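Visitor: have a look at this prediction, sequence included:
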Amino acid sequence: MSDAFRLAAMPGNAAERTAHHPGVRLPSPPLPAAQPATLDEIETTKLPAVVADGWGRLPLFAVSAALGSLVVTLGYHGGRIEAWWADLAFWGGVLLLFLPITCRLAIAETPRQERIGLISLLGLGLYLNKILHSPLAFTFHDEFAHWRTTADILRTDHLFGANPIIPVSALYPSLHVVTAALADISGSTIFLAGVLVLAVARLLFVLALFLFFEQAGRSARIASLATLLYMANPNFSFFDAQFAYESIALPFAMFAMYAATRQQTVPDNRFGLTLAVLLAVAAVVPAHHLTAYALVAFLVLWMATAVYVRLAPSGWTGLPSVLSSQARSAIEHRGPSGIVLLALVISLAWLVYVAGLTVGYLTPVVWGGISELIRLIAGEVIARELFRDYSGQLAPIWERLAGFASVIFILLGLPFGLIRIWRRYRADSLALSLAVGALAYPASLGLRFTHFGAEASNRTSEFLFVPIAFVLAVAAAELWLHRPRSLMRPAIFASWAAIIFAGGIIVGMPRWARMPGPYLVSADTRSIEPKGIAAANWMRTEVGTGNRIAMDRINGLLMGSLGGQTTVRYSYEGLGLAWVFFPPKLGQTEIELLQSGRIQYVLVDHRLSSQLPVVGIYYEMGEPDTYGHIVPMDPAAIMKFDGVAGIQRIFDNGDIVIYDVGALTNAP
């Protein structure tokens, strides 16, 4: 809340208020009654009376959150032993964490300080739930690529080393530099240092999110509800809690957005806030590509909206024409014209001079999703079946209902929030920009019906939910929760928010990835197990690092990270080595492919012939029957390397076999 608005809500006349705050000038004549809202006036005038309560009932909710995490841990244990009650324990623990905090935030009398404590508690509690999923090591797909980049920095003391798993990972080294520094100074492992770094990042993100929403809505209540609803986005609980560059880029981006909004409303410290924005933007760009582009896109939208609001007639904005330019600017915000230019220049400079590979990395995903959606609309392809993985397993009916209900509740809530923003906030360029940004959500849902676009749609959730959460919070606070003494309305709101929250987790992370359990073929976290880890460690110890090796998708993660090998993939070297593994015999075509890739070693996993791949591919996109496998791999195709002249078996643990093919391919 700006100083002018905060001062205007204090008791006493204007002369008495300005006497204690000589650095703040109230607009003259006074702002219209609709600016700020009655809700804001109630909260602000009550704040001095309740501030003595400090953190309020936060300790009580900390106990319930701890119990929730304990029950979630029990659910994870149940998943590992395939107990029937595993899902009940998991969801019971999650709701025990989420529901009490939601009910408390919905109550109007909850003080600002307690709201900040509650949303921080919820954010860290959800992060803890992700850590408890695998508390001893990284197991999520992208975590292995970033572990490799961090390990290379510690080993070589240089940045931008080659990463065979995700090459662009090394080109955005913010997370890796901080983690490597902490691991080096403390003597801890990369895993422990990464967990601590991301815990701090998560707390910074939640606090910056709250402060940003508070500036946009001029209300601590709206800010806390919006922050809560943001946590319902499909990626918050797991994907953006993993050891990956987006997890640290989002806090930087949100802090940049908060500082930019604060700069517009606090003229006394404009230089310091401008410097803070510049530093935050400079931190985002080398941290993560998509986050930097999303930040630039929002700043452009905000600037365009600010220009439109300033040029609009007073009757359209609802502000009287007699307002001074200072008063009008305090309401409208001037827009981040200089900041957006700087952010755009830094992003383009980093892309051109450092991270040129990013274009080739992102283009296939984006264009693949758009082109498939066009073909789907034209009836040329069949839509992807929602809630069914590529091994044929369908999610339980209640999960499907919760997932659909989550999306429906968001779509039903958006119009109410948009109408409210139009009536009360259309003179505020920031709030209006968030309303416009929320309109992109329905369009993003179409990509979920495509194979290539589903991932792209999911990756936009953490960005789109910033405007979505604000719009929904405005609708809830000003249309549903406006009665301060009602207890039924907060309970109904908590139920509505819980469905959105649970549905977001279900949509963002399917059960096979969300819950630990027995080994599955090509299923990311469920495919990381002792035999694969042992093979990678043996390769590093006995054979050495940097060898060019061909293998399946999951063993490629382990060999490229823990094993220190150079995994060869079509995505980065243009060699379709996956085609070597599917024929039942090793022919001349397959041998030539191995020779073209200068392959020294080949790894085969006999378990690939036991199941269909859960994520739709055994090796990589572009393999035969990508996303369309109907039978498991032929066992003969996996065993075809035995007995071939020039090929020597050097490792065998029953499931994983490694062959030396250097004599056949003439590789060094």
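Guide: Nice, thanks for sending it over.
Visitor: use CA for all of it now, contacts and neighbours both
Guide: Fine.
Visitor: please list all residues in contact with the residue minimising distance to the centre of the chain.
Guide: The centroid of the chain falls nearest to D240 when counting by CA atoms, centre = their mean (3.7 Å). Residues in contact with D240 (CA atoms under 8 Å, 6 or more residues apart in numbering) are 246-247.
Visitor: just the pLDDT for it.
Guide: Model confidence at D240, expressed as pLDDT, equals 94.
Visitor: next one: R649
Guide: Predicted confidence (pLDDT) at R649: the value is 94.
Visitor: how about it, secondary structure?
Guide: Recorded secondary structure, R649: strand (DSSP: H, G, I helix; E, B strand; the rest coil).
Visitor: and I658, by the same measure?
Guide: strand.
Visitor: contacting residues around it?
Guide: Listed by CA under 8 Å, 6+ apart, the contact set of I658 reads 601-604, 649-652.
Visitor: repeat that for N235.
Guide: Applying CA under 8 Å, 6+ apart to N235 gives the contacts 458-459, 461-462, 504-505, 508-509.
Visitor: let's go with 6 Å and repeat that
Guide: Applying CA atoms under 6 Å, 6 or more residues apart in numbering to N235 gives the contacts G508.
Visitor: about what we covered before: now the buried members of the contacts of I658.
Guide: Buried members of the contacts of I658, scored by 16 or more other CA atoms under 10 Å, are 601-604, 649.
Visitor: for stretch 614-627, C-alpha coordinates in CSV please.
Guide: Output in CSV follows, covering the C-alpha atoms of stretch 614-627 (Å, rounded to 0.1, in the frame of the first residue of the first chain):
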residue,chain,number,x,y,z
VAL,A,614,5.1,-44.2,-18.7
VAL,A,615,6.2,-40.9,-20.3
GLY,A,616,5.7,-42.2,-23.9
ILE,A,617,9.4,-42.7,-24.9
TYR,A,618,12.1,-45.1,-24.1
TYR,A,619,15.1,-43.2,-25.4
GLU,A,620,14.1,-39.8,-26.8
MET,A,621,11.6,-37.9,-28.9
GLY,A,622,11.9,-39.1,-32.5
GLU,A,623,12.3,-42.7,-31.7
PRO,A,624,10.0,-45.2,-33.5
ASP,A,625,6.4,-44.9,-32.2
THR,A,626,7.1,-41.8,-30.1
TYR,A,627,4.2,-41.3,-27.7
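Visitor: any chance you could list what contacts that stretch?
Guide: Everything outside stretch 614-627 that qualifies as a contact, by CA under 6 Å, 6+ apart, is 389-391, 522-523, 552-553, 578.
Visitor: again, but for stretch 560-579
Guide: Residues external to stretch 560-579 that are found in contact with it (CA under 6 Å, 6+ apart): 144, 148, 164, 536-537, 539-540, 545-550, 559, 619, 623.
Visitor: which ones among the residues you listed lie within strands?
Guide: 548-550 (DSSP state E).
Visitor: now neighbour count, distance to G564 and pLDDT too, for the residues you listed, in a markdown table please.
Guide: Listed next are those as a markdown table, based on neighbours: other CA atoms under 10 Å; distance: CA to CA, whole Å; pLDDT from 0 to 100:
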| residue | neighbour count | distance to G564 | pLDDT |
| --- | --- | --- | --- |
| R548 | 20 | 10 | 94 |
| I549 | 25 | 11 | 95 |
| A550 | 27 | 13 | 94 |
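Visitor: what is the nearest of those residues to P396?
Guide: A550 (36.7 Å; CA to CA).
Visitor: what's across from the closest one in the sheet?
Guide: V602 (DSSP bridges).
Visitor: could you measure from it over to G563?
Guide: According to CA to CA, to the nearest Å, A550 and G563 sit 13 Å apart.
Visitor: shaky segments in this structure?
Guide: Along the chain, the model assigns pLDDT under 70 to residues 1-53, 267, 313-335, 484-485, 570-572, 667-668.
Visitor: L593: which of the buried ones among the contacts of I658 is nearest?
Guide: V602 (12.3 Å).
Visitor: wait, V71 sits on G92?
Guide: No: counting by CA atoms under 6 Å, V71 does not reach G92; the two are 7.0 Å apart.
Visitor: neighbours around L472, how many?
Guide: L472 has 29 neighbours, counted by other CA atoms under 10 Å.
Visitor: quick one, what contacts it?
Guide: By CA under 6 Å, 6+ apart, the residues touching L472 are 413-414, 417.
Visitor: same check on D634?
Guide: By CA under 6 Å, 6+ apart, the contact set of D634 is S609.
Visitor: re the thing from before, is it possible to get TSV of the contacts of I658 that adds distance to M515?
Guide: Output for the contacts of I658, formatted as TSV (distance: CA to CA, whole Å):
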residue	distance to M515
Y601	34
V602	31
L603	28
V604	27
R649	36
I650	35
F651	31
D652	30
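Visitor: all helices for the stretch 1-150 of the chain, in order.
Guide: Ranges of helices within the stretch 1-150 of the chain are 3-8, 14-20, 38-50, 58-80, 86-106, 112-133, 141-156, based on DSSP state H, counting those that start in this stretch.
Visitor: what does stretch 403-418 rub up against?
Guide: The contact list for stretch 403-418, computed with CA under 6 Å, 6+ apart, reads 471-472, 474-475, 499-500, 503, 507.
Visitor: let me know the closest of those residues to R424.
Guide: When these are ranked by distance to R424 (CA to CA), V474 comes first, at 10.3 Å.
Visitor: what sits closest to the closest one if chain neighbours are left out?
Guide: G417 (5.6 Å; CA to CA, 6 or more residues apart in numbering).
Visitor: same question for Y425.
Guide: A431 (6.2 Å).
Visitor: going along the chain, name the strands of this protein.
Guide: With DSSP E as the criterion, the chain has strands spanning 548-550, 566-567, 601-605, 648-652, 656-660.
Visitor: so what are the domain limits for the protein?
Guide: Per the record, the chain has its domains at 3-133+172-514, 524-665, by automatic domain parsing.
Visitor: re earlier: V71 and G92: which has the busier surroundings?
Guide: Taking other CA under 10 Å, V71 and G92 do not tie; V71 has more neighbours (22 against 17).
Visitor: quick check: the more buried one vs R511, distance?
Guide: Distance of V71 to R511, given as CA to CA: 17 Å.
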